[in-house]
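Asks: output the structure for:
(one chain, ligands or ions: 1)
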Amino acid sequence: MSAYPARTHRRQAPAPESGPGAFWAVAALLLGLTLAVVGFFALMMWADARDARDAAAEPAAAAPAAATHAHTAADHNVALPLASFAGVVPENAAELAEAHKPYNAVMPPIPAGDLVKVHMTLKDMTVEIAPGVKYNTWAFDGHGAPGPVVHVREGQTVEMTLTNGGSIPHSIDFHAARIAPNVAFKDVAPGESLKFRFTAGDPGVFMYHCGTKPVLAHIANGMYGAIVVQPKQALPPVDNEYVLVGSEWYLNGDGIAEPASLDMAKARARTADWVTFNGYANQYVTHPLTADPGETTRFWVVAAGPTNNVNFHVVGTMLDRAWVNSDLTSPPQIGVQTAIVPAGGGGVFDVKVDEEGLYPFVSHAFADVDLGQVGLLKVGNPKGTMSH
Ligand SMILES: [Cu+2]
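Replies: Residues are numbered from 1 along each chain as shown. Just a heads-up that it's a prediction; the model follows:
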């Protein structure tokens, strides 16, 4: 189930749990590489002497060539072609997209009281990330990705309990917390739980994620979500509030006949197969978010990455109020066309639409739209659309 460790056999670096046999094999390999590099230098020196060139200039000239040679020999990922599974879906994809139950983007209510207890149990689970495309995630609270939206008010205390029901160590890092990360965000072994508290003192929409190394792999495997901290001084009232978490997926197969797992080389190369809002490609195209004409809709957006920003844009209108970087203690920007939400950051955007119609919301980095990061805000009941 755990994708990243399963693929380490492709690399020449030893896994930490390798036995003595593996140690000697790697030692021999390293010795071989060292000899090859030393031999290469020796060859250069010998050629030097033979050609009676200036010996002093040669080591500097030889070094870059030797370094390039060693790099190519040691890292096969550099040379591997990265097969793309972008857009690969089964024939009945339209039917499957229709049957898919979309992640609920509607803002949940704020729990009452000064203390908000949140308990998440991690699970290894297979989820769909596009119609008929299955992926082996490490999931917060059995949700798949993203994890549940945590919604609190500024000043409330969050008591987080993380139970690791997975097969390797995990952790949880709240960007909304001011807390010693070596204590609160430390690894939790399988079968164990960790409890910590923090005061939600900074309003905004924040990412939370697993911070266990390699973080790239843990986020890419679905370990992220959003926490919304409403400011004490209430924002202008709106009619609809939706939470969108942008993220991208890197697949080692098409995920159709059998679930795909993480392709770490693709994650490093930033060549995603699918890019999503709330974990599933195009889900709000098939099942649009809704508003009535004249209503104001507030989008709370997090870019979970692991690497991509969300360049948030709503086609056919403006971001009437844009709290860029979810800085809710400053006045919003007005009439913004596109606002960047950086990987690991958030943004809050109000959109008032008067005219009935279908208004796509996208990351205006259009490569990501092509891979699934697009949804629709359905305003009213425009002709020719289904009602959901
Ligand atoms: Cu993790």
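Asks: pairing partners for whatever residue of the stretch 51-200 of the chain ends up closest to the ion in the sheet, please.
Replies: In the stretch 51-200 of the chain, the residue that lies nearest the ion is residue 170 (3.4 Å; CB to the ion). For glycine as for every other residue, the C-beta is placed from the backbone atoms N, C-alpha and C. Residue 170 forms beta bridges with residue 188, as assigned by DSSP bridges.
Asks: thinking it is in contact with residue 219, fair?
Replies: No. Counting by CB atoms under 8 Å, residue 170 stays clear of residue 219, with 11.4 Å between them.
Asks: overlap in contacts, those two.
Replies: Counting by CB atoms under 8 Å, 6 or more residues apart in numbering, the residues touching both residue 170 and residue 219 are residue 210.
Asks: related to what we said a few turns ago, mind pulling up the pLDDT for the residue of the stretch 51-200 of the chain closest to the ion?
Replies: In this prediction, residue 170 carries a pLDDT score of 97.
Asks: likewise for the one 10 residues further on?
Replies: At residue 180 the predicted local distance difference test score is 90.
Asks: can you report phi and psi for residue 172?
Replies: phi -140, psi 130 (degrees, to the nearest 10).
Asks: grab the nearest non-local neighbour of residue 347.
Replies: Closest residue to residue 347 apart from its sequence neighbours, by CB to CB, 6 or more residues apart in numbering: residue 341 at 4.4 Å.
Asks: what's across from that neighbour in the sheet?
Replies: Beta-bridge partners recorded for residue 341 (DSSP bridges): residue 310.
Asks: go ahead and confirm it touches residue 304.
Replies: No. With contact defined as CB under 8 Å, residue 341 and residue 304 do not form a contacting pair (10.0 Å).
Asks: mutual contacts of the two, please.
Replies: Common neighbours of residue 341 and residue 304 are listed as residue 246 (criterion: CB under 8 Å, 6+ apart).
Asks: which one of these two has more residues nearby?
Replies: Taking other CB atoms under 10 Å, residue 341 and residue 304 do not tie; residue 304 has more neighbours (32 against 28).
Asks: so what's that one closest to, chain neighbours aside?
Replies: Using CB to CB, 6+ apart and skipping the chain neighbours, the partner closest in space to residue 304 is residue 224 (3.8 Å).
Asks: check contacts around the residue nearest to residue 212 when sequence neighbours are not counted.
Replies: Nearest residue to residue 212, sequence neighbours excluded (CB to CB, 6+ apart): residue 171, at 4.9 Å. For residue 171, the contact set (CB under 8 Å, 6+ apart) comprises 162, 185-188, 194, 210-212.
Asks: list buried residues within those residues.
Replies: Buried by 16 or more other CB atoms under 10 Å: 162, 185, 188, 194, 210-212, out of these.
Asks: and those residues, which is closest to residue 243?
Replies: residue 210 (19.1 Å; CB to CB).
Asks: pretty sure that closest one sits against residue 218.
Replies: Yes. Residue 210 is within contact range of residue 218, at 4.0 Å (criterion: CB under 8 Å).
Asks: intersection of neighbour lists for these two?
Replies: 138, 170.
Asks: what's the neighbour count on residue 257?
Replies: Residue neighbour count, defined by other CB under 10 Å, stands at 9 for residue 257.
Asks: what are the phi and psi angles of it?
Replies: Main-chain dihedrals, residue 257, degrees, to the nearest 10: phi -70, psi -40.
Asks: any idea of the pLDDT on the residue nearest to residue 347?
Replies: In this model, residue 341 is scored at 98, pLDDT.
Asks: next: residue 120.
Replies: For residue 120, the predicted pLDDT is 97.
Asks: then the one 4 residues further on?
Replies: Here the pLDDT value assigned to residue 124 is 96.
Asks: next: residue 183.
Replies: On the pLDDT scale, residue 183 is placed at 89.
Asks: mind starting the numbering at 22 from now?
Replies: Happy to do that; since the first residue is 22 now, the last one works out to residue 204.
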